[in-house]
Every structure is written in C-alpha cells, then in structure tokens.
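**Student:** I'll drop the sequence and a predicted model, then ask my questions.
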Amino acid sequence: MPFMSVMPNLYAADVERAAAFYRDLLGGTQTFRTPADGPAEHVELRIGDVVIALSSCDAVQRQGLPAPEHGHPMELVVECDSADRAVAALRAAGTPVLAEAYSHPAGHRRAYVADPDGNWVALVSKEGA
C-alpha cells in the first residue's frame, strides 16, 4: 500500500491565534477550515509545498483522544531566505525567540522561535544568506 503524503498536525489551545501566526508571520495560505463560520476547530495552511494543520486541543478530546500536552514533542522546520532576517522580523512581531540564528554543523543557518502554543519552529536558510 503506497502512502501518498504527510501533513503535520499541531495541537493549539487557540486555533485562530495559531493560524494567524502561521498565516501572517510565516506567509501561510489557508486551504481548509472547519467549521467554515465562527471559531475554528481545525485549519490547514499551505507554506510553500507543505500543508500543516492546526487542531483545537478541545476538539481532539471530543474525538476520544487524550488531551494534548503543552510541550516539545516535535519541531516544525521552515525554510526561508535568511534565518537571521526571519528571526529579527518575528521578534519584532512579538514572537518568542528560543535560539538566535547560528551556523549549523550541516552547513546552513538555523534559528528557533516558538509559535503561540510553544511548538518549536526552526528557521533554516543557506549559509551566508
């Protein structure tokens, strides 16, 4: 059986706030939302070639799953033109910066910020960008 695609799904305490972060600060384009009107329980956004999902913590529990915990079980890696400029712009917008841009041993620039729910977002660019 072939698998067709993968979509990271981040759990959010406030889906609208999380969607605004990924849309307004990281340039995502909303591709899906439910419900269509009122406060969202699930939003999907395209950033480049990837679609990420944001789901309400409350909605997850209503589906019979355990409550998602605030933490760092994963990171979302976002490629950008310049990790240095991206971290500066996100800081100016009030985004918590976890690690300033640095030269990673793999040969690229990398910085870390946190989205509104504390998920780690790695900002990655080519060295010297």
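**Tutor:** Sure thing, it's come through.

**Student:** List the buried residues for stretch 84-94?
**Tutor:** 84, 86-87, 90 (16 or more other CB atoms under 10 Å). C-beta here means a position set from N, CA and C on the backbone, and glycine is covered the same way.

**Student:** got the contact list for it?
**Tutor:** 25, 80, 97, 100-101, 109, 111, 113, 123, 125, 129 (CB atoms under 8 Å, 6 or more residues apart in numbering).

**Student:** Would you mind checking those for buried ones?
**Tutor:** Buried, going by 16+ other CB under 10 Å: 25, 80, 101, 109, 111, 113, 123, 125, out of these.

**Student:** who does the helix or strand the last one falls within touch, helix- and strand-wise?
**Tutor:** By that I understand Ser125. In the assignment (DSSP states H and E), Ser125 maps to strand 120-126. Packing partners of strand 120-126 (3 or more CB pairs under 8 Å, 6 or more residues apart in numbering; DSSP states H and E): strand 75-79, helix 83-92, strand 108-114.

**Student:** Out of those, which gets nearest to Phe32?
**Tutor:** strand 75-79 (17.8 Å; CB to CB).

**Student:** what packs against the closest one?
**Tutor:** Looks like strand 75-79 contacts strand 120-126 (3+ CB pairs under 8 Å, 6+ apart).

**Student:** For the strand it packs on, which strands pair with it and how are they oriented?
**Tutor:** strand 75-79 (parallel), strand 108-114 (antiparallel) (DSSP bridges).

**Student:** And the contacts of the strand holding Ser125?
**Tutor:** 26, 72, 74-84, 86-87, 90, 98, 101, 104, 108-115.

**Student:** rerun that using 10 Å as the cut-off
**Tutor:** Contact with strand 120-126 is made by 10, 21-22, 25-26, 71-87, 89-90, 95, 97-99, 101, 104, 106-115, as judged by CB atoms under 10 Å, 6 or more residues apart in numbering.

**Student:** So Gln30 is in contact with Tyr22, correct?
**Tutor:** Yes: between Gln30 and Tyr22 there is a contact at 9.1 Å, judged by CB atoms under 10 Å.
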